[in-house]
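Asker: sequence first, then the predicted structure, then my questions.
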Amino acid sequence: MNLLNYGWNQQLETEPLNLEDGQSIGRIVSEYKGQYKLITERGEYLAEVSGKMRHQAIEREDFPAVGDWVIVIERPEDRRATIHRVLPRFSKFSRKSAGVTTVEQIVAANIDTVFLVMALNHDFNIRRLERYLTMAWESGANPVIVLSKADLCNDLESKIAEVEEIAFGVPIITVSAVQDRGRERLTDYLGTGRTAVFLGSSGAGKSTLTNWLCGRTIQQVNTVREDDDRGRHTTTNRELIVLPDGGVIIDTPGMRELQLWTASDESLDHSFSDIEALASHCRFSDCTHNNEPGCEVQHALADGRLTEERYNSYLKLQRELAFLRRKADIQERLKEKARWKKIHMEMRRKH
């Protein structure tokens, strides 16, 4: 196996590997309940993390995720391997895991391009796309919006215009696997040494696009529900797939719940650069865009340059971001406490 085909690139070459005897490099292809499938130059293995790695891990991000490059010891005789450490990630797309617990879920790691897939049927949702864009900017990868199922859309130009109003400077690609339309524009972002991830809701067409790019059925595809035109889950876990023309795609399950895990002001500024541009003309630098005189954001709302829906979406994400920061402070204190607890336990064992 040539690791270049699995996304190894010059960006990774700069990382010091510090390999010990018997160790090699692999990439996580899939993960299910703590069991991993990975690829090395010798082939494919089932793998688990070492006891030392498990003991030293404090939080979920300390464990491998799909797309991670890892240092392993292979056991070719039984096609198994042990993962000893994760190489530094140059990008990752994370969300808060579904449910009430505040835990990070790394959806994909070491990705160059985030394809945000939204179908041009009832899946079309500008407010959800704003959320995806904010998280994509935070990932460290480059977002590209993919409007799928173009063959089902009768007002394509107006839909593209809606997306352009909220996705400043982000490439927008319309595709139809049924009509074999738009493939070349997708492949511009692929090729040997590049990794992309398809993200979107159930029924957006991610698995169909994967099969289309592969030229054969790799992922099962389900039809949408007849009553509301919404999709069923097709992909049940994240999986890394090598494309025949070069490049790697990570296909992901549809996300019905997409909560921010972390986002910076800079990411929010990227996604809402129109509001930030208006805010720069407010009379007061600390304007809250509420009742202050000389507020350009309020002026824009009044004269129709800015819609209430977009402004409310901006406020909602701002509130989530403030909540996450408060949570992060608490989590950081708990992590530090757990780290010192482990150190004290180790010291007691030695004595």
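Answerer: Okay, I see it.
Asker: in a strand, Leu147, correct?
Answerer: Yes. Judged by DSSP: H, G, I helix; E, B strand; the rest coil, Leu147 forms part of a strand.
Asker: Thr82 and Glu44, how far apart?
Answerer: Shown here: Thr82 relative to Glu44, a distance of 15 Å by Cβ to Cβ, to the nearest Å. Where C-beta positions appear, they are placed from N, C-alpha and C, glycine not excepted.
Asker: ignore the last one, Arg183
Answerer: Arg183 is 28 Å from Glu44, by Cβ to Cβ.
Asker: what sits up against the host helix or strand of Leu278?
Answerer: Secondary structure assignment for Leu278, by DSSP states H and E: helix 273-279. Contacts to helix 273-279, defined as Cβ atoms under 8 Å, 6 or more residues apart in numbering, come from residues Phe168, Asp269, Cys287, His289, Glu296, Val297, Ala300, Arg305, Leu306, Arg310, Tyr311, Tyr314.
Asker: which of these sit farthest apart?
Answerer: Greatest spacing in the contacts of helix 273-279, by Cβ to Cβ: Phe168 and Cys287 (21.6 Å).
Asker: who's more crowded, these two?
Answerer: Set Phe168 next to Cys287 and count neighbours by other Cβ atoms under 10 Å: Cys287 wins out with 18 against 13.
Asker: list the contacts for the more buried one?
Answerer: Ala279, Gly294, Cys295, Val297 are the contacts of Cys287 under Cβ under 8 Å, 6+ apart.
Asker: check Gly191 too.
Answerer: Gly191 neighbours (Cβ under 8 Å, 6+ apart): Asp245, Gly246, Gly247.
Asker: which of those residues sits closest to Asp188?
Answerer: Nearest to Asp188 among the contacts of Gly191 is Gly247, at 10.5 Å by Cβ to Cβ.
Asker: next, count neighbours for the nearest residue to that closest one once chain neighbours are set aside.
Answerer: Spatial nearest neighbour of Gly247, excluding adjacent residues (Cβ to Cβ, 6 or more residues apart in numbering): Leu190 at 3.3 Å. By other Cβ under 10 Å, the residues close to Leu190 number 20.
Asker: where are the low-confidence patches of the stretch 51-200 of the chain?
Answerer: 96-103 (pLDDT under 70).
Asker: can I get the contacts of Gly191 in TSV including distance to Arg326?
Answerer: Formatted as TSV, the contacts of Gly191 follow (distance: Cβ to Cβ, whole Å):
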residue	distance to Arg326
Asp245	46
Gly246	44
Gly247	40
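Asker: those residues, buried ones only, as a ChimeraX selection?
Answerer: A single ChimeraX command is used to select the members of the contacts of Gly191 judged buried by 16 or more other Cβ atoms under 10 Å:
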select :247
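Asker: wait, which of the contacts of Gly191 is closest to Ile39?
Answerer: Of all these, Gly247 has the smallest distance to Ile39: 14.9 Å, by Cβ to Cβ.
Asker: still on that earlier bit, neighbour count winner among Thr82 and Glu44?
Answerer: The neighbour count for Thr82 versus Glu44, taken as other Cβ under 10 Å, is higher for Thr82 (19 against 14).
Asker: what residues are up against the residue nearest in space to the middle of the chain?
Answerer: The chain has Phe93 as the residue nearest its centroid, 3.0 Å off, counting by Cα atoms, centre = their mean. Residues counted as contacts of Phe93 (Cβ under 8 Å, 6+ apart) are Ile106, Val107, Ala108, Ile111, Val114, Met135, Ala136, Ser139, Ala141, Val197, Leu199.
Asker: quick check: the third one is in a strand.
Answerer: What it means is Ala108. Yes. Under three-state DSSP, Ala108 sits within a strand.
Asker: how close does the residue nearest to Gly247 get to Val86?
Answerer: Distance from Leu190 to Val86, by Cβ to Cβ: 24 Å.
Asker: over to Ile241?
Answerer: From Ile241 over to Val86 (counting by Cβ to Cβ), the distance is 21 Å.
Asker: same thing with Lys149?
Answerer: Distance of Lys149 to Val86, computed by Cβ to Cβ: 37 Å.
Asker: who has more neighbours, the two?
Answerer: Lys149 (24 against 20).
Asker: helices along this structure, start to end?
Answerer: 10-13, 51-56, 126-139, 156-164, 183-187, 206-214, 265-271, 273-279, 296-303, 308-350 (DSSP state H).
Asker: how about the ones you listed in JSON lines, adding mean neighbour count?
Answerer: As requested, the helices of the chain are arranged in JSON lines below (neighbours: other Cβ atoms under 10 Å):
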{"stretch": "helix 10-13", "mean neighbour count": "11"}
{"stretch": "helix 51-56", "mean neighbour count": "13"}
{"stretch": "helix 126-139", "mean neighbour count": "22"}
{"stretch": "helix 156-164", "mean neighbour count": "14"}
{"stretch": "helix 183-187", "mean neighbour count": "15"}
{"stretch": "helix 206-214", "mean neighbour count": "22"}
{"stretch": "helix 265-271", "mean neighbour count": "18"}
{"stretch": "helix 273-279", "mean neighbour count": "17"}
{"stretch": "helix 296-303", "mean neighbour count": "16"}
{"stretch": "helix 308-350", "mean neighbour count": "12"}
